[in-house]
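Trainee: Using only what follows, build the 3D model:
(one chain, ligands or ions: 2)
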Amino acid sequence: MSPESTDSTKRAEWSRYGFVLAAIGSAVGLGNIWRFPYVVGENGGGAFLIPYIISFFCFGIPLMILEFTVGRGFRGSVVTAFGRLHPRLRHLGLLPFVMTLVVFSYYSVIAGWTLAYIIFSVTGYMDFKTFTSSPLPLITFFATILLAGTVVKVDLKDGIERANRYLMPMLALALLIMFVQALALPGVQAGLAYYLTPDLSVLSDPGIWVQAAGQVFFSLSIGFGVLLTYGSYLSDSAPIPRSAAVVAGADFLVALVAGVIIFPVVFSFGFDPVSGPQLAFITLPRIFSTMAFGSFFGALFFILLFVGALSSILSMVEGGVATMVDEWAWPRKKATYLVCTLAAVIGLPSALSYAGFNLTLFGAPFLDTVDLLFGILLVPVSASVICLAFSWLWNPESLLAEANKNSRFKFSRAAVYYLRYVVPLLLLVTLASTVAMTLL
Ligand code: PFF
Ligand code: NA
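Mentor: Numbers count the residues shown, from 1 in each chain. Ligands and ions are numbered 1, 2, ... in the order given. A predicted model of the protein is given here:
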């Protein structure tokens with residue numbers, strides 16, 4: 001039951017900062033810039049931050065540390081790690097593998113929209129309905145997958161690591177410029193008041209807690225095994241607890257700042273802040289087309305979204321590719337072609353579900369239902385499976401030694417018990433309430 005470290009060929013390793021940049025790239029994405037602000041806006045404003053921060057510390061960061069630790073300890077992607085933990089558990093890794101593939105497919109549809117909107121910011125915006133009924137979203141969907149595949153098929157360092165070395169500074173710069181401009185708008189006070197004034201009465205609504213937990217999982221990329229896979233390329237010299245703190249902190253900061261960017265804009269131009277998912281694709285374009293330097297800020301905003309989405313997609317592709325490379329000894333290129341082709345096929349109904357075909361599943365657009373199933377409902381299941389298996393069956397000394405390697409901060413044995421008992425219990429409660437809220 002101890003990790004195997006006798007691979008015949010040496011496993012690729014991140015260079016210094018490469019890991020943290022790539023993991024931030026995975027975490028920061030549509031979940032932060034597009035989803036977080038409208039979810040906060042719809043759920044009691046600043047009060048939402050309370051359950052968010054509680055979930056973030058109680059199981060977000062612990063599970064992120066666990067995924068990094070398991071990845072480095074077992075030197076393999078998620079199916080391989082389960083197989084090395086116990087041969088009979090290998091198939092458990094298929095759950096996160098499939099989830100990641102499906103999320104990759106519909107996430108690329110939305111990433112494709114943002115790609116089209118970068119162009120629209122210069123040429124003039126198409127009406128959202130007209131756009132989704134045209135063949136354009138299909139083209140940008142395929143283009144996004146192709147672009148991600150082109151990066152991942154090169155080896156780890158010259159592919160994913162190098163791409164993130166360009167993408168992350170771009171993202172930071174775009175975010176900073178938008179942030180400064182938002183603070184200079186006349187609606188900044190009203191916007192920030194709406195975004196951050198806590199309505200504490202909402203805290204008694206279990207739905208808020210469930211939303212917050214789901215948002216933490218999705219935002220931190222936890223439970224999909226992609227952080228585990230990234231951790232499998234981590235050098236022994238990197239301190240895991242500190243890396244996790246940096247990645248989680250960056251994710252939270254970007255989410256907060258995204259709201260500070262969006263709401264002052266919406267209020268300055270007198271639009272409805274509760275327009276939910278449509279905020280980015282219907283409300284904001286209207287504003288960008290009337291404001292001063294609107295094409296510049298519009299382009300910057302959609303570049304921000306696309307860059308964030310692309311770097312997240314890279315981690316999803318790698319999750320699938322690494323599994324095939326580790327399990328079947330496939331060449332990286334061949335694995336990338338298969339993963340991308342699968343996603344292009346699986347994502348077709350999602351890509352078409354907004355196209356006026358009214359492609360629905362359980363009464364909602366196909367994309368939304370698949371997101372609910374694979375991006376929300378299954379996540380606590382898969383996170384529990386990872387947490388239970390590795391905290392109970394991996395011997396605690398090895399787990400702690402791996403997590404504490406070269407770290408000034410050392411976990412004690414209590415951490416193992418926390419993972420064995422407390423986290424699974426919290427996840428069970430989350431899962432039960434999520435199911436109850438969705439069905440009732
Ligand atoms: N964390 C990403 C976001 O917030 O947009 C989404 C994500 C990335 C989900 C990677 C799943 C995943 F495997
Ligand atoms: Na995120």
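Trainee: Which positions within the lengthiest helix in the chain qualify as buried?
Mentor: Among the segments of the chain that qualify as a helix by DSSP state H, the longest is helix 294-328. By 16 or more other C-beta atoms under 10 Å, the buried positions in helix 294-328 come out as 297-327. C-beta here means a position set from N, CA and C on the backbone, and glycine is covered the same way.
Trainee: Check stretch 53-71 too.
Mentor: 54-56, 58-71.
Trainee: how about the CA coordinates for it, as PDB?
Mentor: Output in PDB follows, covering the C-alpha atoms of stretch 53-71 (Å, rounded to 0.1, in the frame of the first residue of the first chain):
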ATOM      1  CA  ILE A  53     -15.300  31.500   3.800                       C
ATOM      2  CA  ILE A  54     -16.400  28.700   6.200                       C
ATOM      3  CA  SER A  55     -16.500  26.100   3.400                       C
ATOM      4  CA  PHE A  56     -13.300  27.400   2.000                       C
ATOM      5  CA  PHE A  57     -11.300  26.800   5.200                       C
ATOM      6  CA  CYS A  58     -13.200  23.800   6.500                       C
ATOM      7  CA  PHE A  59     -12.900  21.600   3.400                       C
ATOM      8  CA  GLY A  60     -11.700  23.600   0.500                       C
ATOM      9  CA  ILE A  61      -8.100  24.100   1.500                       C
ATOM     10  CA  PRO A  62      -7.800  20.700   3.300                       C
ATOM     11  CA  LEU A  63      -9.000  18.900   0.200                       C
ATOM     12  CA  MET A  64      -6.700  20.900  -2.000                       C
ATOM     13  CA  ILE A  65      -3.700  20.000   0.200                       C
ATOM     14  CA  LEU A  66      -4.800  16.300   0.100                       C
ATOM     15  CA  GLU A  67      -5.000  16.200  -3.700                       C
ATOM     16  CA  PHE A  68      -1.500  17.800  -4.100                       C
ATOM     17  CA  THR A  69      -0.100  15.300  -1.500                       C
ATOM     18  CA  VAL A  70      -1.700  12.200  -3.000                       C
ATOM     19  CA  GLY A  71      -0.500  13.300  -6.500                       C
END
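Trainee: Would you mind naming what in the protein lies close to ligand 2?
Mentor: 27, 31-32, 219, 251 (C-beta under 5 Å from the ion).
Trainee: Now tabulate those in JSON lines and tack on pLDDT, secondary structure and neighbour count.
Mentor: As requested, these are exported to JSON lines (pLDDT from 0 to 100; DSSP: H, G, I helix; E, B strand; the rest coil; neighbours: other C-beta atoms under 10 Å):
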{"residue": "27", "pLDDT": "98", "secondary structure": "helix", "neighbour count": "28"}
{"residue": "31", "pLDDT": "97", "secondary structure": "helix", "neighbour count": "26"}
{"residue": "32", "pLDDT": "96", "secondary structure": "helix", "neighbour count": "27"}
{"residue": "219", "pLDDT": "98", "secondary structure": "helix", "neighbour count": "25"}
{"residue": "251", "pLDDT": "98", "secondary structure": "helix", "neighbour count": "26"}
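Trainee: now, among those residues, which is nearest to residue 430?
Mentor: residue 219 (14.6 Å; C-beta to C-beta).
Trainee: wait, isn't that closest one in contact with residue 36?
Mentor: Yes: counting by C-beta atoms under 8 Å, residue 219 touches residue 36, with 6.8 Å between them.
Trainee: Overlap of the contact sets of the two?
Mentor: Both residue 219 and residue 36 are in contact with residue 255, where contact means C-beta atoms under 8 Å, 6 or more residues apart in numbering.
Trainee: ok, which stretches of the stretch 251-400 of the chain are helices?
Mentor: 283-288, 294-328, 332-346, 348-352, 366-370, 378-393, 396-404 (DSSP state H, counting those that start in this stretch).
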